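Novice: Coordinates for the following, if possible.
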Amino acid sequence: MGAPVEQLRARYLAARPFPHLVIDQLFPAEWLHAILEEYRTCDDLTWKSYDTALQKKKGTAPDSDLPPVMRAYFDFLQSAPFLRLLSEVTGIANLLPDPSLYGGGLHVVSGGGHFDLHVDFQKHPTTGLCNRLVVITYLNEGWEAAYGGNLELWAMKPSVRQVEIVPCFGRTVLMSQSAIAAHGHPSPIRAGMERKSVIAYFYTGGKSGGTLARSSRSTTVYVRRPGRTLSARLQVLLHDALPSPGVRALQKIRHVVRNRWKSAMARQSQ
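Specialist: Numbers count the residues shown, from 1 in each chain. Predicted structure coming up:
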C-alpha cells in the first residue's frame, strides 16, 4: 500500500464526511486488465439490471458464476490475510466476507447511466449481518472527470457534496457503511462510455453505525439532494413508502407501459 498501515488508518478515520480512503494501484494492473478482458469476452455472465429515474446500471447477480480471474480477485478480498489488513486499516474488528457478493460483483454503467445519492443497505437480507465496509476498485482506462460518473460523498445535514472521486483505472476506495454514508454517482455517463468497477461488501455482527431512521433496512435508502428531477423525487417517495416487492411491481408496470407506448409510436410512424 505504500504508506504504513498506521498512516492509512489515520487518514481513513479522519476523512470527511465519513470514514473513507482512496488508494491508487493497490492491485496489480495486469490482474485488473485480465478482469476487463473476461468482461469483454465472457458471454454467460448473469446480470441484474436497474433502469429507473434513480439508477440506471447493471451488476452481476448474487451467487452467479464468475470467470476465473474475476473469481480469484474476490477470493483474495475474502481471504483471511486481506480481511485482517482491512480491519487494521479501518479499525473495524472481525470483518466478515460475503461469498454470495450480494450487492457486489462487477458493476457496469453505460452511457446515460447513473446512481443517485443514497445510503447502502444496512444489513444483509439473508444473514442479517451489519454492512460495515465496501471496497470498490475501478476498471476505467483513460477515464476523465468530464466523462461523468464521479463518485460523490455527501454530508447529510446540511445536504452538501464534500468529496468527488474520479473512477480512473486501478483506483480503489475503502468506504465505511453506515446510515450517514451518503454517496452516489448522479452525474450521467457520457454517451459511448462505460463505467466499470468490482465491488465487495464486508460485515460484522451487532449494530451498524449511524443514526438514520430505518438503519436496519436491507435495501437502499435514497437521500435528499438539491437538483433532483421531479421523476426522481417521485421514485424516492414510492421507494420509501412501499415495500420492495411493491416497488418492483411498479417498475415492471412502468416498463410495460413504456414499451407499449414505444410500439404504438413506431406503428404510427410507419
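Novice: Against H185, how distant is the residue lying closest to P19 once chain neighbours are set aside?
Specialist: Among residues not flanking P19 along the chain, S176 sits closest, at 4.2 Å (CB to CB, 6 or more residues apart in numbering). C-betas here are computed from N, CA, C, even on glycine. Using CB to CB, to the nearest Å, one obtains 18 Å as the distance from S176 to H185.
Novice: swap in D44?
Specialist: Separation of D44 from H185 (CB to CB): 27 Å.
Novice: Which one's more surrounded, those two?
Specialist: Using other CB atoms under 10 Å, the more surrounded residue of D44 and H185 is H185, with 24 against 7.
Novice: Can you name the residues that contact the more buried one?
Specialist: Neighbour list for H185: V109, H114, F115, G148, G149, N150, L151, E152, P167, R195 [criterion: CB atoms under 8 Å, 6 or more residues apart in numbering].
Novice: Please report the distance of it from G91.
Specialist: According to CB to CB, H185 stands 27 Å off from G91.
Novice: picking up where we left off before, correct me, but the residue nearest to P19 touches F18?
Specialist: Yes - counting by CB atoms under 8 Å, S176 touches F18, with 5.5 Å between them.
Novice: you'd agree L83 is up against L95?
Specialist: Yes - with contact defined as CB under 8 Å, L83 counts as touching L95 (5.2 Å).
Novice: what's the overlap in contacts for the two?
Specialist: By CB under 8 Å, 6+ apart, L83 and L95 have these common neighbours: F202.
Novice: Let me see the mean pLDDT of the top strand by length along the chain.
Specialist: For the chain, the strand with the greatest residue count under DSSP state E is strand 194-204. Strand 194-204 shows a mean pLDDT of 98.
Novice: And the following helix or strand past that strand, what does it pack against?
Specialist: Counting by DSSP states H and E, the next helix or strand C-terminal to strand 194-204 is strand 221-222. Contacts defined by 3 or more CB pairs under 8 Å, 6 or more residues apart in numbering; DSSP states H and E place strand 221-222 against strand 114-119, helix 230-241.
Novice: Can you list the strands that the shortest one pairs with?
Specialist: Strands flanking strand 114-119 in the sheet, each with its direction: strand 55-60 (antiparallel), strand 182-185 (antiparallel), strand 221-222 (antiparallel) (DSSP bridges).
Novice: That's all I had, so thanks and see you.
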